[in-house]
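1. for reference, the sequence and a predicted model appear below.
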Amino acid sequence: MATTTNLTPSVLDRPIQNGSLTLATITSGAVAAGAVVTVAAVCRAGGVHLAAGGGIPLPGFVMVTLLAAILGGLIAAAFRRGGVARYRFAQTTVVLAALSCLVPILAAAGVASKLALTSTHIVAAAIIIPVLARRLPS
């Protein structure tokens, strides 16, 4: 006999009670860094010059992604302490991620380079923001 589970939005929207925000920050940052480096390496292998004022080495992508995750963790900690809902955290960090996309759009030369560098910002944000948001009260 098969059983079905009713996954309503209220169940999916519940914050994760177990696990620390610090661990979530480190884990999501590491996963995002790996994904960003993969995107950058694939773009570079495809002949896209990844430069915004100068060539960006692959370890540079790791460092900046980890710093972004730490910044996201600090913002999440401040919102948790202030009792602000995770929806507000998600709004704030999505706006910050969108603003961060302006840097490669304005600084990079060539459409392919702009798209590749912007995609690294989007990939990192798509991984880090939901993980940290789930650690906050709704």
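-> On my side now, so go ahead.
2. so what's Gly46 up against?
-> By CB atoms under 8 Å, 6 or more residues apart in numbering, Gly46 lies in contact with nothing. C-beta here means a position set from N, CA and C on the backbone, and glycine is covered the same way.
3. Leu21 versus that one, what's the distance?
-> 37 Å (CB to CB, to the nearest Å).
4. one more: Gly82?
-> Distance from Gly82 to Leu21, by CB to CB: 14 Å.
5. you'd agree Gly73 is up against Ser20?
-> No - using CB atoms under 8 Å, Gly73 makes no contact with Ser20, being 10.0 Å away.
6. contact partners for Val31?
-> Ile127.
7. can you show me the helices along this structure?
-> 9-12, 21-45, 58-82, 86-100, 102-107, 111-133 (DSSP state H).
8. quick one, which of the ones you listed is packed in tightest?
-> helix 111-133 (a mean of 20; mean count of other CB atoms under 10 Å).
9. with adjacent residues omitted, what lies nearest to Ala109?
-> Ala51 (6.8 Å; CB to CB, 6 or more residues apart in numbering).
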